[in-house]
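1. The sequence and its predicted three-dimensional model are supplied below.
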Amino acid sequence: MAKKVKKRKEIKRKLLHKYRLVILNESTFEEKISFKLSRLNVFVTGSLCTIGLIALTTLLIAFTPLREYIPGYSSTKLKKQATDLTYKTDSLVASLHNTNRYLESIRMVLRGDVASQEVNLDSLRERFKIDPSSIDLTPIKEDSLLRAEVALEDKYNLFERNATGAEIELFPPLSGEISNAYDPEKQHYAVDVTAPKDTPIKAVANGTVIFSEWTADTGYVIILEHKDGLISVYKHNGSLNKRQGEVVRAGEVIASVGNTGEFTTGPHLHFELWSNGNAVNPLDYIDF
């Protein structure tokens, strides 16, 4: 028992034993600063400084933007940005997929390698047929003058007369002789119409230009998209008057007859008509 008490007193004495920390001038040995220290004071002071440093670091991490510079710590703002980018990426992927499908269908039309499928021609005729009973055919003076002027200038330069109606009328892109008829068995999904070079080619109906470029096989090609899934294709043109994205009206000049492309034998128009992805015979709807 006496030894334990003696040992405790010895530990207490060592902890409370006073030391002096002196800072001297190296040249003159003049005492500049001195501190009275003990082991207990040093231990307590060091512990408090450590606790204070830990508390300050915790506050900086929890309540200041400095935490974002700590490796492995994720920022809320960065998480939100990453989530937004993920949504945008998904949208872009879906849009790119749809665009690729659309372009592939256009390529198939240009190559003419879409297999002809059975088409209900009667329903297609009904779709593009105008009901005379729904149109007021009583001409006014101004209308009569306009009709006479148009008839003199261009027989087929007619615009849609029923602007509010749902039906459209197909007009001949040009007048000429049929040199090669529509023949699905030979994968010729078009009619070839011969005409003098530079003869104007007109739109068969109101629509939008979805393709207007040069191709090696069929020369200058222009494709129009009309309502109700109807697409008209004009190949081997000598020149193109419209660009992709432009809106055209029925009877408006969009190109001229030419002899361009590898697969051509003379000035002519290679004209195709597609309904909802299926090739149809243009002679069933247009009188060339």
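-> That came in fine, so what should we check first?

2. so what's L15 up against?
-> Neighbouring residues of L15 by CB atoms under 8 Å, 6 or more residues apart in numbering: 38-40, 43. Bear in mind the C-beta positions are built from the backbone N, C-alpha and C, glycine included.

3. Just the element for it, please.
-> Secondary structure assignment for L15, by DSSP states H and E: helix 2-16.

4. looking only at pLDDT, what's the mean for that helix?
-> Across helix 2-16, pLDDT averages out at 73.

5. Could you identify the helix or strand that succeeds it?
-> For helix 2-16, the following helix or strand on the C-terminal side (DSSP H and E) is strand 19-24.

6. Just the residues contacting that next one, thanks.
-> So strand 19-24 is contacted by 30-38 (CB under 8 Å, 6+ apart).

7. can those go into a markdown table with extra columns for secondary structure and neighbour count?
-> Output for the contacts of strand 19-24, formatted as a markdown table (DSSP: H, G, I helix; E, B strand; the rest coil; neighbours: other CB atoms under 10 Å):
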| residue | secondary structure | neighbour count |
| --- | --- | --- |
| E30 | coil | 9 |
| E31 | strand | 11 |
| K32 | strand | 9 |
| I33 | strand | 8 |
| S34 | strand | 11 |
| F35 | strand | 10 |
| K36 | strand | 9 |
| L37 | strand | 14 |
| S38 | coil | 14 |
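
8. which one among these gets closest to V5?
-> Nearest to V5, judged by CB to CB, of the contacts of strand 19-24 is S38 at 21.3 Å.

9. how far away is that closest one from I23?
-> According to CB to CB, to the nearest Å, S38 stands 18 Å off from I23.

10. same check, this time on K14
-> 24 Å.

11. got it, and L59?
-> Distance, L59 to I23, using CB to CB: 33 Å.

12. Now name the helix or strand holding D192.
-> Residue-wise, D192 maps onto strand 191-194 under DSSP H and E.

13. And I61, by the same measure?
-> helix 39-63.

14. relative to strand 19-24, how tilted is that helix?
-> Helix 39-63 runs at 70 degrees relative to strand 19-24, counting by axes from the mean of the first three to the mean of the last three CA atoms, to 10 degrees.

15. nearest to R243, of the contacts of strand 19-24?
-> Set against R243, the nearest of those by CB to CB is I33 (86.6 Å).

16. how about that closest one, what does it touch?
-> Per CB under 8 Å, 6+ apart, neighbours of I33: 22-23.

17. Would you check that G258 makes contact with S239?
-> Yes: judged on CB atoms under 8 Å, G258 makes contact with S239 at a distance of 6.7 Å.

18. Of these two, which one has the most company?
-> When G258 and S239 are compared for neighbours, G258 comes out ahead with 22 against 12, by other CB atoms under 10 Å.

19. burial of the nearest residue to the more buried one once chain neighbours are set aside, as a residue count?
-> Distance criterion CB to CB, 6 or more residues apart in numbering; nearest residue to G258, sequence neighbours excluded, is G238 at 2.4 Å. Using other CB under 10 Å, G238 has 17 other residues around it.

20. Spit out the contact partners of G238.
-> By CB under 8 Å, 6+ apart, the contact list for G238 reads 197-198, 220, 255-260, 267.

21. Mind putting these into JSON lines with distance to K4, secondary structure and pLDDT?
-> Compiled in JSON lines, the contacts of G238 are given as follows (distance: CB to CB, whole Å; DSSP: H, G, I helix; E, B strand; the rest coil; pLDDT from 0 to 100):
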{"residue": "K197", "distance to K4": "123", "secondary structure": "coil", "pLDDT": "93"}
{"residue": "D198", "distance to K4": "122", "secondary structure": "coil", "pLDDT": "93"}
{"residue": "Y220", "distance to K4": "110", "secondary structure": "strand", "pLDDT": "95"}
{"residue": "A255", "distance to K4": "113", "secondary structure": "strand", "pLDDT": "96"}
{"residue": "S256", "distance to K4": "117", "secondary structure": "strand", "pLDDT": "95"}
{"residue": "V257", "distance to K4": "120", "secondary structure": "strand", "pLDDT": "96"}
{"residue": "G258", "distance to K4": "116", "secondary structure": "strand", "pLDDT": "95"}
{"residue": "N259", "distance to K4": "119", "secondary structure": "coil", "pLDDT": "94"}
{"residue": "T260", "distance to K4": "113", "secondary structure": "coil", "pLDDT": "94"}
{"residue": "P267", "distance to K4": "122", "secondary structure": "coil", "pLDDT": "94"}
